[in-house]
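Engineer: Could you look at this predicted model? Sequence included:
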Amino acid sequence: MKKVAIIGAGPAGIEAASILANQQVEVLLFEKSLNTLSNMLDKAYLFPDFSPANDLVDKLNKKLLHQQITLFTGTEITDVKKDGKEWKVIDAKGMSYIVSAVLLTSGYSVFDAKRKEELGYGIYNGVITSIDLEKMIKYNQIENSMGDKPKRIVFLQCVGSRDEKSGNNYCSKICCVTAVKQAIEVKKLLPDTDVYIFYMDLRMWGQSFEEMYRESQEKYDVSYVRGRISEAASTFDKKIQIKAEDTLLGVPLKMTTDLLVLMVGMEASCGTKTLAETLHIKGEYGFAKSLNCHLQDNETTQQGLFIAGSCKRPMGINETLADARSASVIIMDYINAMQENDK
Amino acid sequence: MAKYYWNEYQKTIADDKYFYERSCIRQTFFPGSETAFLRIVREELGKDIYDEMNQHTCTGIGYHADVVPLETTMTVVARLFSLMKDAGYTNYVPSCVTSFGVFSEMVEIWNHQPETLEKTRDYLRKATGREFDIPLNLVHPSDIIYKYRFELKDKMKYALVNRFTGKPLQVVEHIGCHYAKIFPEKGVGKAEFPHVLAGMIEAWGGEVVDYPERRHCCGFGFRHYLLQSNRGYSIANTKKKFESMEPFEPDFIVANCPGCTMFMDKWQYTIAEMEHKTYDKDGYGIPVLTYEEMAGLLLGYNPWELGLQLHQVQSEILLDKIGIPYDPKEKYKAADGRILPKPERPNNLLV
């Protein structure tokens, strides 16, 4: 039997499903939400090439039109058990599926910005998250709380990442470049809007990221301030007042803005946390843990159980897709070895 | 987005049988407030609250000014708790927010360091021969008023509504830093958007003014004020708050901390003297009430028995807006019937 269950129909799950299906593996792809790629649906453009997110969504969804792939949306997997040499995957309705291997691609969820009370998300309409802004960019509706075009937008990096108080000491990796990308998109749509980015340090680790960062300053006049924002409050005219320290100048500063954008980090999704716990592969911060981050990064302590994408750690989409392809190769090796042994 | 998020965090507040500890300074600056609180709890709510005669300082001001060592503070706090034990109570209610913070801190230390708790028991035993228990419930009196705010509303004769316009009064609420900023989970609504006073204001018909410096320090800050050389820093903080709230034209300020109420009240006089500036339209200043005074006024208590005449900023304009009657002739009448001399008028702040 060449049958694999993939839990989570995000970019990693779909990419792995497609590759395995092309190798004549029967794939059962389970998705808790009613839609595939739910974290991508409101994205406007992708870094670093500013390609429309919809194009990638369409291309990935087309890969699902494969006779070897069966997609189960609205289906939450509640338990996964080893059953002899095989695996039993059980959904919330009690239906069980026997497969040779399981790939966990249950992904991430975004940090709930309300947990950073001092920043006023959920209290003040002018405080939004990077997810909210992405939707505004996508539908070209960047507005402040009064429905006007904002004259100033301030971004704050590392909200719920590299933050001991939130319990997340790790870097979410994609927020720095996402803020640069969004700042450029804002300036393209609203050239007269002042854009400031408050940061601890900017981690432009990927190909073309540094160039984007430079372009944002030289071509789009985005201003960068090294400092954390300590609190946000509403002013008489419904703007947002922020307090911060400019740590390069060594001075405290106060500024009003029409929108404060909180760059929310990535956390292990609820499904990732639950399944990683159930399957005894729970790593730091609730993410799933691989056997070895160098050579066995898609394998786990459980034979036949594999992991890929942002259920392991924060990842961008291109990394996630590469990781899914890597997992597919390892899974093929595993299934072929199983079949050899059965002969 | 609604502000209901402020309501989400609630703490455990005992229903009844409270041991009350008075503040060192409140009876001087707001002499009717503690009496009003006891009256509200006993007469309006029908609860049992014990007012201990042999109580003493918690060392709060000395502790925060680094004059009193931690071990001494612990032992003094332990003695106060021993008074509660002797009286047969387990729910401790300190009138002062500083005390509330000190008690919360000592209990937290003891919970984390049992050996320190044992040392404190030993110190208290050697010094006084007394034993103490850690309270089962430690709350601030404002928590109790918050808990029963709707029951009190049913008994109130007045609401926080401007009778001339029919509109809700605009109320600035200020929470003492040591209420929730040390231990956010010890405050209703936690540290950033505490709901303890906002809940009272909303329940009693007013509107909370959410101004930019809402969370800023009142200007007391212990050593900022206690050292004379730092008082410019203290008043600068208070000024920052008043400048921030001024455009919202608040009808009054309510606070739950002795230091905050005092400083926001008295510094208005000082700023008026220094800069000829007041933060209301007419030059009278913005009245600053304690939450007990606010509740007492709405329940129909006599403003002069509540001690409003002893505030720096006078409250007649506010009383008129709400429709609370008062007798100007009784304003400076002492409890024994004597008419006390009228205080000197400030040069710039109208009274």
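Structural biologist: Received, thanks. Numbers count the residues shown, from 1 in each chain, chains lettered A, B, ... in the order given.
Engineer: Please parse the chain into its domains.
Structural biologist: Picking chain A for this. With domains defined by automatic domain parsing, chain A comprises A:3-107+A:269-342, A:113-266.
Engineer: try chain B instead
Structural biologist: Under the assignment automatic domain parsing, the domains of chain B span B:16-141, B:143-330.
Engineer: related to what we said a few turns ago, out of the domains of chain A, flag the one nearest B:Thr12.
Structural biologist: With respect to B:Thr12, and counting by Cβ to Cβ, the nearest of these is domain A:113-266 at 20.3 Å. In this view, the C-beta of every residue, glycine as well, is placed from N, C-alpha and C.
Engineer: does any bit of the closest one sit next to chain B?
Structural biologist: Yes - under the criterion of Cβ under 8 Å from any Cβ of the partner chain, chain B is reached by domain A:113-266 at A:114, A:117-118, A:122-125, A:231, A:233-236, A:241.
Engineer: Separate out the buried members of the residues you listed.
Structural biologist: A:117-118, A:122-124, A:231, A:233-236, A:241 (16 or more other Cβ atoms under 10 Å in any protein chain shown).
Engineer: Can you report how many residues lie near A:Lys173?
Structural biologist: Other residues within reach of A:Lys173, judged by other Cβ atoms under 10 Å in any protein chain shown, total 20.
Engineer: To clarify, my last question referred to B:Pro141.
Structural biologist: 28.
Engineer: and it, how far is that from chain A?
Structural biologist: 24 Å (Cβ to the nearest Cβ, to the nearest Å).
Engineer: Tell me which residues touch that residue, please.
Structural biologist: B:20, B:37, B:93-95, B:292 (Cβ atoms under 8 Å, 6 or more residues apart in numbering or on different chains).
Engineer: Using JSON lines, lay out the residues you listed together with pLDDT.
Structural biologist: As requested, these are arranged in JSON lines below (pLDDT from 0 to 100):
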{"residue": "B:Tyr20", "pLDDT": "98"}
{"residue": "B:Phe37", "pLDDT": "98"}
{"residue": "B:Val93", "pLDDT": "98"}
{"residue": "B:Pro94", "pLDDT": "97"}
{"residue": "B:Ser95", "pLDDT": "97"}
{"residue": "B:Glu292", "pLDDT": "98"}
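Engineer: for these, which one is nearest B:Met53?
Structural biologist: Once Cβ to Cβ is applied, the member of those that ends up nearest B:Met53 is B:Tyr20, at 11.2 Å.
Engineer: That closest one touches B:Ile40, doesn't it?
Structural biologist: No - contact between B:Tyr20 and B:Ile40 fails when scored by Cβ atoms under 8 Å: they sit 11.8 Å apart.
Engineer: Now the residue of the stretch 51-200 of chain A found nearest chain B: closest residue in space, sequence neighbours ignored.
Structural biologist: Per Cβ to the nearest Cβ, A:Glu117 is where the stretch 51-200 of chain A lies closest to chain B, at 3.7 Å. Ranked by Cβ to Cβ, 6 or more residues apart in numbering or on different chains and with sequence neighbours excluded, the top spatial neighbour of A:Glu117 is B:Glu192, at 3.7 Å.
Engineer: so that neighbour makes contact with A:Lys114?
Structural biologist: No - at 10.6 Å, B:Glu192 does not count as touching A:Lys114 under the criterion of Cβ under 8 Å.
Engineer: In contact with the residue in chain B that chain A sits nearest to, which residues are there?
Structural biologist: Among the residues of chain B, B:Glu192 lies closest to chain A, at 3.7 Å counting by Cβ to the nearest Cβ. The neighbours of B:Glu192, taking Cβ under 8 Å, 6+ apart as the test, are A:117-118, A:231, B:184, B:215.
Engineer: I'd like the domains of chain A written out as TSV, with mean pLDDT added.
Structural biologist: Output for these, formatted as TSV (pLDDT from 0 to 100):
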stretch	mean pLDDT
domain A:3-107+A:269-342	96
domain A:113-266	96
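Engineer: Out of the ones you listed, which gets nearest to B:Leu83?
Structural biologist: Distance to B:Leu83, taken as Cβ to Cβ, is lowest for domain A:113-266 among the domains of chain A, at 36.3 Å.
Engineer: Next, the contact list for the residue sitting furthest away from the middle of chain B, please.
Structural biologist: Centroid-distance maximum for chain B: B:Lys126 at 34.6 Å, with Cα atoms, centre = their mean. Counting by Cβ under 8 Å, 6+ apart, B:Lys126 touches no other residue.
Engineer: Kindly state the pLDDT recorded for the nearest residue to B:Glu105 once chain neighbours are set aside?
Structural biologist: Of all residues not flanking B:Glu105 in the chain, B:Ile182 sits nearest, at 6.4 Å (Cβ to Cβ, 6+ apart). Predicted confidence (pLDDT) at B:Ile182: the value is 92.
Engineer: Run a quick neighbour tally on B:Ile182.
Structural biologist: 16.
Engineer: show me the contacts for it.
Structural biologist: Counting by Cβ under 8 Å, 6+ apart, B:Ile182 makes contact with B:101, B:104-105.
Engineer: same check, this time on B:Lys167
Structural biologist: Taking Cβ under 8 Å, 6+ apart, one finds B:Val161 in contact with B:Lys167.
Engineer: out of the domains of chain A, which comes closest to B:Pro69?
Structural biologist: Of all the domains of chain A, domain A:113-266 sits nearest to B:Pro69, with 29.6 Å by Cβ to Cβ.
Engineer: Ends of that closest one, what's the gap?
Structural biologist: Terminal residues of domain A:113-266 are spaced 11 Å apart (Cα to Cα, to the nearest Å).
Engineer: same thing with stretch B:47-67?
Structural biologist: 38 Å.
Engineer: Kindly report the same for stretch A:139-158.
Structural biologist: For stretch A:139-158, the end-to-end distance is 25 Å (Cα to Cα).
Engineer: would A:Ala232 count as being in a strand?
Structural biologist: Yes - applying DSSP: H, G, I helix; E, B strand; the rest coil, one finds A:Ala232 inside a strand.
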